[in-house]
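Undergrad: Whatever this is, show me its structure:
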Amino acid sequence: MRIRSLTMALAGAAVGLMGLSAAASAAEGIFIPGLIYKTGPYAPGGTPIAHGVADYFAMINNRDGGVNGVPIIYEECETGYKTDRGVECYDRLKDQNGGAIVVSPWSTGITYALIEKATNDKVPILSMGYGRTSAADGRVFPYVFNFPSTYWNQATAIMKYIADQEGGYDKLKGKNFGYVYLDHPYGKEPIPTMDVLAEKYGFTYDKYPVPPASMTEQKSIWLQIRRSKPDYVIMWGWGAMNATAVTEASNVKYPMDRFIGNWWAGAEPDVIPAGAGAVGYKAATFHGVGTDYGVYKDINALYDAGKGTWSKDNIGGVLYSRGMVSAYYIVEAIKVAQAKFGNKPISGEEMQYGLENLKLTADQIKADGMAGLAPPLEVTCANHEGQNPAVLIQQWNGKAWEVKSDWVPADTSLVRPLIEQEAAQYAKENNITPRSCS
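TA: Numbering: from 1, shown residues only. This next block holds a predicted model:
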C-alpha cells in the first residue's frame, strides 16, 4: 500500500510528499490522516480533492505555522476508493503521531465501514456531503459529521429546483424521471427519499443502476432512456461513470438542460471528455468554484514558495475547491476545540467538541478569505448536518461552470423525521442509548 505524507516541522518548513521523516514524525503537532485515491477508476475525482485538502493544510502551516501555532501533520494513504483498503489505512494511521483527531474517508462505503470503529476510538469522521445520511442525528452518531448537507436533503433540493422550473410542485404530478446511479451504497443512499418524494408529489421514476465494474458501459441504459423519454434525468454518479453518462446522453440527444447530476457528478472531469456535447448539463453543488476568492492569495504564495502539492495550473476546479472547503472546516473546528482546551495538539475527543460547536458566520467566512467559496454553517449536538442545508445549481457552458440558481433550500421538514427514524432503528439494532442534547 502506498503511503504519502505532507508534514510541517515546528518552524513551519515543508517536508516533501515522498515520505514522513523521522524528525517530522517526532515533532509535536495535530495529526490528520488523509484517506485518498489518486489511482483507479475514481482517480479523476479523488485526485483534485486530495490536493485541495493537502494544499489548504500546507497553506495554514506555511502562513501561520499551523493552527494557533501548532503545526498540522498530514499523512496520505491511498485507498483506491476500496472499502477494505480504506479500513486498512485507518487502522494503520489512527495511532500515529500522537493519534488522529479526525478522518475524512471520501467514500460512502468506507464511511459506513468506519462508523462503529471510529466511534469506539473516539476519532471523529467528517464525511462532508456523503456517507450515511442518518448520521446527521448526533444523539445516535456523536462522532460522525456530514455537514453542510446530506444526500437525502440534496435530493429534495434538486426536486424543488425541478418543481420551480416547471411552475410548482403540483406540476410534478404524472411526470416520469430517470435515476441513473452507481450501484454502490453511495448511489443507493437517496433512493428511500426519492420514494417518499414520488409518493408525495405523484411522479414516477425509473432506476438505472450502473455497476462499478462496468461504469463505462452505459449504451443500453441510454438507449432505454431515449425510448422512455423521461422528463428529467437525475444522476448520482462518481468517477468514470459521470463522463460516460454525459457523453452517452449527448449521443442519444437527451436535452442536457434536463440532465441534473448531484454534487459528485458536477466537476470538470465529468464534462470535458464529452466536449461540446456536455454544454447545458447541470449539477448541484454546495460551495463556490474558481480562484476568485481571498484565500487564493495565500494559496498562490504557497505555490510561489515551491510548497504546493500539485500543478498550479490545476487548482481552482470544483473538486479541488471541495477539498479546500473540507480542510477549512477542519481547521476552524480545531480552533473551536483549542479555544476550550488550549492552543496545543488536541485529541479526537476534543476535536469532536470542536466539530459539534462549529459556527461559521458570513462575516467570519469573509474574514477568512472564503466568502462565496464556503457557505455559513452551524453544527449542534443533535444536528451534525448543520442548519438550513441548501444547494446551488450550476451549469456547464463548455468552458466553465456557471451558477444558475440562488440557494435552493432542502425540505428538512420531510427529511429530518426520516433521519431520526433511521437513526433510532440503528440505535436499537446496535444497543445504543441516544445521548441527550438538551
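
Undergrad: how about the strands of the stretch 301-438 of the chain, start to end?
TA: Ranges of strands in the stretch 301-438 of the chain, per DSSP state E, counting those that start in this stretch, are 359-360, 377-378, 390-396, 401-403, 408-409.

Undergrad: what's the first one in contact with?
TA: Applying Cβ atoms under 8 Å, 6 or more residues apart in numbering, the set of residues contacting strand 359-360 from outside is Tyr329, Glu332, Ala374, Pro376, Leu377, Glu378, Val379. Quick note: C-beta positions are derived from backbone N, CA and C, even for glycine.

Undergrad: swap in the second one?
TA: If you take Cβ under 8 Å, 6+ apart as the criterion, strand 377-378 is touched by Phe147, Pro148, Tyr329, Leu358, Lys359, Leu360, Gly386, Gln387.

Undergrad: Then the fourth one?
TA: With contact meaning Cβ under 8 Å, 6+ apart, strand 401-403 is reached by Gly266, Glu268, Ala283, Thr285, Gly288, Val289, Val318, Leu392, Ile393, Gln394, Gln395, Trp396.

Undergrad: any idea of the mean pLDDT for the single longest helix found in the chain?
TA: Ranked by number of residues, the top helix in the chain under DSSP state H is helix 318-341. Averaged across helix 318-341, pLDDT comes to 97.

Undergrad: Render the CA-only coordinates of that helix in CSV, please.
TA: Taking Å, rounded to 0.1, in the frame of the first residue of the first chain, the C-alpha atoms of helix 318-341 are listed here in CSV:
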residue,chain,number,x,y,z
VAL,A,318,-14.9,22.1,-8.4
LEU,A,319,-13.4,19.2,-6.5
TYR,A,320,-10.2,21.0,-5.6
SER,A,321,-12.4,23.6,-4.1
ARG,A,322,-14.4,20.9,-2.2
GLY,A,323,-11.2,19.6,-0.7
MET,A,324,-10.2,23.1,0.4
VAL,A,325,-13.6,23.7,2.0
SER,A,326,-13.3,20.4,3.9
ALA,A,327,-9.9,21.3,5.2
TYR,A,328,-11.1,24.8,6.1
TYR,A,329,-13.9,23.4,8.2
ILE,A,330,-11.4,21.1,9.9
VAL,A,331,-9.1,23.9,10.7
GLU,A,332,-11.9,26.1,12.1
ALA,A,333,-13.2,23.2,14.2
ILE,A,334,-9.6,22.8,15.6
LYS,A,335,-9.7,26.4,16.6
VAL,A,336,-13.0,25.9,18.4
ALA,A,337,-11.5,23.0,20.3
GLN,A,338,-8.4,24.9,21.2
ALA,A,339,-10.4,27.8,22.5
LYS,A,340,-11.8,25.4,25.1
PHE,A,341,-8.9,23.1,25.7
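
Undergrad: For that helix, buried residues please.
TA: 318-334, 336-338 (16 or more other Cβ atoms under 10 Å).

Undergrad: Relative to Cys381, how far out is the closest residue to Thr150 other than its chain neighbours?
TA: Leaving out its chain neighbours, the residue that sits closest to Thr150 by Cβ to Cβ, 6 or more residues apart in numbering is Thr133, at 4.2 Å. As judged by Cβ to Cβ, to the nearest Å, Thr133 and Cys381 stand 18 Å apart.

Undergrad: So for these two, which sits in the more crowded spot?
TA: Shown here are Thr133 and Cys381; by other Cβ atoms under 10 Å, Thr133 has more neighbours (27 against 14).

Undergrad: Just want the phi and psi numbers for Val233.
TA: phi -120, psi 130 (degrees, to the nearest 10).

Undergrad: That one and Val180 touch, don't they?
TA: Yes. Between Val233 and Val180 there is a contact at 6.1 Å, judged by Cβ atoms under 8 Å.
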